[in-house]
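> Structure here, sequence nowhere to be found:
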């Protein structure tokens, strides 16, 4: 089996992939989250694992928007990864010697206070993954990267400081994706999209259905429908039980303008 992830080796996506799949599977890196998902759509890989939400920075919009555009891709599971960000460089530089900082935008945002306090004179350069920042810095003088500890040995770097994230309650949720539409026997979560009609109380009416059937919403957020200003998709995660969620879906179908199930799966690995 081939599983795609945001590469190169050393990314948090790679760590999530290692944690979620058997060691002997073929792990295939891609340059962006979008490319990873589209590779699944094109049947280049059998499954994919992508970051979908961070506890500090919120949703990963690139992943959500790409999933919205590709209706045949399903969520089959999730993996929660504790995130520790680390400052590394080619040489054991002093902080005041560093002229450039490379990393993924999410990692940079998670270390904003540390950067302002310790590296405020360095130029910030965004790249498509934390591991790519390590690869870049391994070839540059007076440059540092913010990345996963795996990058130390992978790119022969020096650790300048560990755990530099501004908040230690830093976790990322990854979704496992497939074209399979089979939900496991122990499924306890449903992720879905819906849009409401342009009538007063439309969103309230939709959400009240979940309350009516005693279904707990663990997440709700909106994304632009990319049709016209003011039109949105709502992405929700719902704790389900087998006796009531199907009835809720039947009623929701009559209430909203559109809905699509992204996946029914077991939450919590």
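Perfect, thanks for sending it. Remember, it's a predicted structure, so these values are computed and weren't measured experimentally.

> which residue ranges form the helices in the stretch 51-200 of the chain?
All helices of the stretch 51-200 of the chain, identified by DSSP state H, counting those that start in this stretch, fall at 61-69, 105-110, 112-118, 130-137, 151-154.

> Looking at those helices, spot the one closest to residue 191.
Nearest to residue 191 among the helices of the stretch 51-200 of the chain is helix 61-69 (9.3 Å), distances taken as C-beta to C-beta. All C-beta atoms are positioned from the backbone trio N, CA, C, and that covers glycine.

> Can you mark which positions in that closest one are buried?
Residues of helix 61-69 classed as buried: 62, 63, 64, 65, 66, 67, 68 (neighbour count, 16 or more other C-beta atoms under 10 Å).

> Could you work out the most separated pair of those residues?
Taking C-beta to C-beta as the measure, the buried residues of helix 61-69 reach their widest spread between 62 and 68, a distance of 11.1 Å.

> rewinding a little: and of the helices of the stretch 51-200 of the chain, who's closest to residue 240?
Short answer: helix 61-69, nearest of these by C-beta to C-beta, at 19.3 Å.

> which other helices and strands contact that closest one?
Here helix 61-69 touches helix 33-41, strand 47-54, strand 216-224, going by 3 or more C-beta pairs under 8 Å, 6 or more residues apart in numbering; DSSP states H and E.

> can you tell me which residues contact residue 167?
For residue 167, the contact set (C-beta atoms under 8 Å, 6 or more residues apart in numbering) comprises 56, 110.

> for the one 10 residues further on, same thing?
Taking C-beta under 8 Å, 6+ apart as the criterion, residue 177 is in contact with 37, 40, 47, 48, 49, 50, 67, 73, 74, 75, 76.

> ok, now how distant is it from residue 159?
As for residue 177, its distance to residue 159 is 33 Å (criterion: C-beta to C-beta, to the nearest Å).

> swap in residue 175?
Here residue 175 is placed at a distance of 30 Å from residue 159 (C-beta to C-beta).

> between the two, which one's more packed in?
Applying other C-beta atoms under 10 Å to residue 175 and residue 159 shows that residue 175 carries more neighbours, namely 27 against 13.
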